[in-house]
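>>> Below are the sequence and a predicted model for it; my questions follow.
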Amino acid sequence: MKGISTAEAKRQLLRLLDTGQASIPVPPHFDRHSRLVYVVVGSALGIMAALVVNGTYLITQDQKRGIASVVEVGLLALSILFTWWVVDRESALETHEVDKRLLAIAQELRGWGGGYADLRTPQMPTVTTYTVLRDGEWRDVPTLLLVEGDIIALAYGEMVPCAIALCGSHEGENRLERGQKLAPSMMREWIATADNDAWDPRVAGHSGMAGRVLFAALATPLQSHLELIAQHHRRTGRSVLQNQMSVVIRILVLRVLPGVVAAALVANVIIYGVVNRGGGMGVEAVLGKTAYVVFPFACAVMWPVFWIAARIFTSASGVVLFDALQRSKTEYEDMDDIDEFDVEALPPTKDVRVGIGAVLGHMRWLWSSCDHRNLSRSSNLAETLGNITVICSIDKEGTIAEPFCTPEQIVVPERDDYALLDLAEQQLGFIIDE
């Protein structure tokens, strides 16, 4: 039993990445075909039409104010086109972020020489490792680098990374699914039905793995990870901020704007017809001045540009701060008046200095590039960080990453002393070695 080779595992992972790139669509946050967009753009076009009529009328009356109305209509039209271009470009960058990450991972794997200690894939979030037989040697392989056909030496209490089957069993029998844990009670039943002892490392010629159980991987964990990414990005609703902005714009456009238009129109008619008694300014007084009253509402078509700029600035600030914390060599320290053993005390902190130039520089890069490293667009990084209520950190000892502790000694108290009993591993549990 030699297991599969590292080259074969690399080929399987690359084949999965190459076929999975087009299977993860990322719908953009902006719905350019929503009813609200049509209402806002339609309102702006209506105001522009009123200004065009007013400007044309004033130009025919040899009034220079008509040129100003035409220029304002042109600026508003340019604003609409600019907003549409920004939203379209931002949606395209967001759509291709996950594909860019998959390309980056595939590129790292293609340049991988086979040394597991040299492989650094920060784009593949994997914490746990498993003891796997690769190239005839037992290696600690990250979860997302396991492939179908791997021989895994599983310890009792370990969580299964994917669908696996006990070595030496009939096809479809003695299986564990992803998320299950290996328990001694399972093995007592499976040993009786197994065709041979291929599950025992000592029988397979690997006495160094005694106390573990050999399983064959029936699936590739990276495939289920890609499916989770696709499910995560298959959005069914909008974010909190988008819902709030949608409500605000709906109130302004559908409720406030009609009331302002009606009030301005009535006021201008009264001023023109009653106070000024006509005076030859009917079109300007009724149509032009009413359009100028509601002109600020037409500028609402540019709100996506400001929202995108704010989101990019917030994401850039978070990324730059995170990088500064990663580069900082100082240790986190408790305040002088805080007891480090107090469970309700504030966590340790440290001060770092981040310049506005670095934030603006990264913001400029984000404005025109896909952020495949942090997925700041597709994951909605700014709002996601703002919604965090609990942070769970993994310590260097691996208390959370490897929570299945293995006892080594038992303390037996006596009347005036105590005895230490050492534990030695066996296939189905532990024995006491005095």
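In hand now; what should we look at? Numbers count the residues shown, from 1 in each chain.

>>> ok, then the element right after the helix or strand Leu78 falls within?
Following DSSP states H and E, one finds Leu78 within helix 65-95. Proceeding C-terminally, helix 65-95 gives way to helix 97-110 as the next helix or strand, assigned by DSSP H and E.

>>> And that next one, how far out from the chain middle?
Relative to the centre of its chain, helix 97-110 is centred 16 Å away, using C-alpha atoms, centre = their mean, to the nearest Å.

>>> Could you list the buried residues of it?
Within helix 97-110, the residues scored as buried using 16 or more other C-beta atoms under 10 Å are 97-106, 109. In this view, the C-beta of every residue, glycine as well, is placed from N, C-alpha and C.

>>> quick one: it to helix 65-95, angle?
Calculated by axes from the mean of the first three to the mean of the last three C-alpha atoms, to 10 degrees, helix 97-110 forms an angle of 40 degrees with helix 65-95.

>>> Check which helices and strands helix 97-110 is in contact with.
Secondary-structure packing of helix 97-110 (3 or more C-beta pairs under 8 Å, 6 or more residues apart in numbering; DSSP states H and E): helix 6-20.

>>> Now do the buried residues in the helix it packs on.
So for helix 6-20, counting by 16+ other C-beta under 10 Å, buried means 6, 9-10, 12-13, 16-17, 20.

>>> Could you dump these into a markdown table with pLDDT and distance to Ile152 added?
Shown next, in a markdown table, are the buried residues of helix 6-20 (pLDDT from 0 to 100; distance: C-beta to C-beta, whole Å):
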| residue | pLDDT | distance to Ile152 |
| --- | --- | --- |
| Thr6 | 85 | 15 |
| Ala9 | 87 | 13 |
| Lys10 | 86 | 18 |
| Gln12 | 88 | 15 |
| Leu13 | 86 | 16 |
| Leu16 | 83 | 18 |
| Leu17 | 81 | 22 |
| Gly20 | 56 | 23 |
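
>>> Just give me how far the helix holding Leu78 sits from the chain centre.
The answer for helix 65-95 is 30 Å, by C-alpha atoms, centre = their mean.

>>> do the same with stretch 83-99
Using C-alpha atoms, centre = their mean, the offset of stretch 83-99 from its chain centre is 16 Å.

>>> Show me the strands in this structure, by range?
Applying DSSP state E to the chain gives strands spanning 129-134, 137-142, 151-154, 164-166, 175-176, 213-217, 409-413, 418-426, 429-433.

>>> do you know which of those lies nearest Leu252?
Nearest to Leu252 among these is strand 137-142; the distance by C-beta to C-beta comes to 51.1 Å.

>>> Report the angle between the closest one and helix 6-20.
Going by the same axes, to 10 degrees, strand 137-142 makes 30 degrees with helix 6-20.

>>> now for strand 137-142, which elements pack on it?
Checking 3+ C-beta pairs under 8 Å, 6+ apart, strand 137-142 ends up next to strand 129-134.

>>> in the strand it packs on, what counts as buried?
By neighbour count, and taking 16+ other C-beta under 10 Å as the criterion, the buried residues in strand 129-134 are 129-134.

>>> now do stretch 359-373
For stretch 359-373, by 16+ other C-beta under 10 Å, it's 359, 362-363, 366-367, 370-372.

>>> Run a quick check on Thr314 versus Ala382, I expect a contact.
Yes - judged on C-beta atoms under 8 Å, Thr314 makes contact with Ala382 at a distance of 3.8 Å.

>>> and which of the buried residues of strand 129-134 is nearest to Ala291?
Nearest to Ala291, judged by C-beta to C-beta, of those is Thr129 at 67.3 Å.

>>> And the closest one, how far from Pro161?
Look at Thr129 and Pro161: by C-beta to C-beta, to the nearest Å, they are 10 Å apart.

>>> who touches both of these two?
Thr143 (C-beta atoms under 8 Å, 6 or more residues apart in numbering).

>>> related to what we said a few turns ago, for Phe215, state which of the buried residues of helix 97-110 is nearest.
Using C-beta to C-beta, Leu109 is the member of the buried residues of helix 97-110 that lies nearest Phe215, at 24.3 Å.

>>> Contact partners for that closest one?
Leu109 neighbours (C-beta under 8 Å, 6+ apart): 10, 13-14, 17, 121.

>>> No further queries at this time; thank you.
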